[in-house]
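Student: Sequence unavailable; structure follows:
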């Protein structure tokens, strides 16, 4: 849709989208409105069909949306191949699971040409591949030149409102027997033939205020009409702030012992968990004031709600975990003697478990066994090292080697130097741990070899990487500021 500003381009888009919405339900048509204009399309946000509404400053969100469309195109191509059809119409008439039509509307496309070359190449590809797959594009632009020829060729229908520069009209549709008139809504519609027409307003109204009100009324009526319909899902984005309270909304359904949700993955905004049942131990790696103790609190809060046998906590200098000392399952270890005593008690328990385990192996029922976790949580590894003697170090190493399968888990936090420099038995064993949370840039740590990315952004407090077996996922970690009792 072309036209100089003020001659009704956005109203034409509005009319098209509202007319489609009146005929198709939100399950059959999904709208994605990218508004680079002056906000005329804002009322469409309320429409039940609108999955998401994007504005100029939401670059990350638009990038993510482009990835979603790309995946959707691949998925649909595959489905069409399985059904051996070539168009969405044929697919939906043959298949039981009908695919929704996707409409991507971009207001003020001129901006894309000027400032977003990457986005433009992707859109050209979508316009070319998307038509038969049920992914349709509606663009508005003030100048014909701002749409490339390759994109023009993919667009079958062109609507030309009045253009100040009359030569542009001929560029878009060639010679036509009528001259465009400078009246809002007067347009030339070019399909197979050119038609000279006056386009309807999206709703009735004497002036702009009345028009806006009646558009809102119409949208209200559509909302009422489709109130029980399944709505399209918006592009998932991380919340502005993540606390333990709003984090529980994401993790409500999946609770298994030993699987502890610690954050939301950046791409799909799904919970990411530390799996102590599968990978027995975990390292939390980060410089000071990057949120290591906060992660430990998140882990401890969940572990205390799960059927955990006992937790030994060795705290850092500033005693950030002191509030857990009063919990009945927690042993708060501060001196060498206390550590030794806790290990004695734990060893008894683990030896009993070993007997049970061996008996179960002989009877062939080992798969039914599940041991509740016994956790050793260390905040500040260097201070813990100073409290140990070589006897205790060897003993801890033996625990990690022999009792991991019986539910003994170690969670250590420390900075890169503390965990990579030591060569004693216990530190060497710690270096073998394949599961970690890294609260710094991938390139700044030397414990794990991770793929190098040139444009890696800084990791701010509250974000980090979850690494398991050399694969990293960027996550947002909830802030743990409250006492457990409140939200349980």
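Tutor: All right, it came through fine. Here the structure is a predicted model, which means the values were calculated and not measured.

Student: Give me the local confidence score for the closest residue to residue 439 other than its chain neighbours.
Tutor: Leaving aside its chain neighbours, residue 439 sits nearest to residue 286 (3.0 Å; criterion: CB to CB, 6 or more residues apart in numbering). Where C-beta positions appear, they are placed from N, C-alpha and C, glycine not excepted. In this model, residue 286 is scored at 87, pLDDT.

Student: tell me the contacts of residue 286?
Tutor: 292, 413, 415, 437-440, 464 (CB atoms under 8 Å, 6 or more residues apart in numbering).

Student: buried subset of the residues you listed?
Tutor: 292, 413, 415, 437-440, 464 (16 or more other CB atoms under 10 Å).

Student: out of those residues, which one sits closest to residue 240?
Tutor: Proximity of the buried ones among the contacts of residue 286 to residue 240 was ranked by CB to CB; the top entry is residue 464 with 17.7 Å.

Student: pretty sure that closest one contacts residue 437?
Tutor: Yes. Residue 464 lies in contact with residue 437 (CB atoms under 8 Å); the separation is 5.4 Å.

Student: what do these two both touch?
Tutor: Shared contacts of residue 464 and residue 437, counting by CB under 8 Å, 6+ apart, come down to 286, 295, 477.

Student: Just put the contacts of residue 286 in TSV and tack on secondary structure and distance to residue 220.
Tutor: Compiled in TSV, these are given as follows (DSSP: H, G, I helix; E, B strand; the rest coil; distance: CB to CB, whole Å):
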residue	secondary structure	distance to residue 220
292	helix	50
413	strand	53
415	coil	57
437	strand	47
438	strand	49
439	coil	47
440	coil	50
464	strand	44
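
Student: Mind putting the residues you listed into a markdown table with distance to residue 336 and pLDDT?
Tutor: Below are the contacts of residue 286 laid out as a markdown table (distance: CB to CB, whole Å; pLDDT from 0 to 100):
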| residue | distance to residue 336 | pLDDT |
| --- | --- | --- |
| 292 | 23 | 84 |
| 413 | 20 | 89 |
| 415 | 23 | 86 |
| 437 | 28 | 90 |
| 438 | 30 | 89 |
| 439 | 29 | 89 |
| 440 | 31 | 87 |
| 464 | 32 | 89 |
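
Student: Specify which member of these is nearest to residue 14.
Tutor: residue 464 (43.4 Å).

Student: now the stretch 351-488 of the chain, which segments are flagged as low pLDDT?
Tutor: 481-488 (pLDDT under 70).

Student: I'd like the contacts of residue 286 written out as JSON lines, with distance to residue 3 added.
Tutor: Shown next, in JSON lines, are the contacts of residue 286 (distance: CB to CB, whole Å):
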{"residue": "292", "distance to residue 3": "57"}
{"residue": "413", "distance to residue 3": "60"}
{"residue": "415", "distance to residue 3": "60"}
{"residue": "437", "distance to residue 3": "53"}
{"residue": "438", "distance to residue 3": "52"}
{"residue": "439", "distance to residue 3": "52"}
{"residue": "440", "distance to residue 3": "52"}
{"residue": "464", "distance to residue 3": "49"}
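
Student: Out of the residues you listed, which is nearest to residue 333?
Tutor: residue 413 (14.9 Å).

Student: so the closest one sits right up against residue 295, yeah?
Tutor: Yes. Counting by CB under 8 Å, residue 295 is a contact partner of residue 413 at 7.2 Å.

Student: Could you tell me which residues touch both of the two?
Tutor: In contact with both residue 413 and residue 295: residue 284, using CB under 8 Å, 6+ apart.

Student: tell me the strands in the stretch 101-250 of the chain, going along the chain?
Tutor: Assigned by DSSP state E, counting those that start in this stretch, the strands in the stretch 101-250 of the chain fall at 101-107, 135-139, 158-160, 186-190, 194-198.

Student: Is it possible to get a markdown table of these that adds distance to residue 218?
Tutor: Converted to a markdown table, these look like this (distance: least, CB to CB, whole Å):
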| stretch | distance to residue 218 |
| --- | --- |
| strand 101-107 | 17 |
| strand 135-139 | 19 |
| strand 158-160 | 21 |
| strand 186-190 | 22 |
| strand 194-198 | 20 |
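
Student: thought residue 135 was touching residue 99?
Tutor: No. Counting by CB under 8 Å, residue 135 sits too far from residue 99 to count as a contact (9.8 Å).

Student: so can I have JSON lines of the strands of the stretch 101-250 of the chain showing mean neighbour count, distance to residue 44 and mean pLDDT?
Tutor: Formatted as JSON lines, the strands of the stretch 101-250 of the chain follow (neighbours: other CB atoms under 10 Å; distance: least, CB to CB, whole Å; pLDDT from 0 to 100):
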{"stretch": "strand 101-107", "mean neighbour count": "22", "distance to residue 44": "8", "mean pLDDT": "93"}
{"stretch": "strand 135-139", "mean neighbour count": "20", "distance to residue 44": "12", "mean pLDDT": "93"}
{"stretch": "strand 158-160", "mean neighbour count": "21", "distance to residue 44": "18", "mean pLDDT": "91"}
{"stretch": "strand 186-190", "mean neighbour count": "20", "distance to residue 44": "21", "mean pLDDT": "91"}
{"stretch": "strand 194-198", "mean neighbour count": "13", "distance to residue 44": "23", "mean pLDDT": "91"}
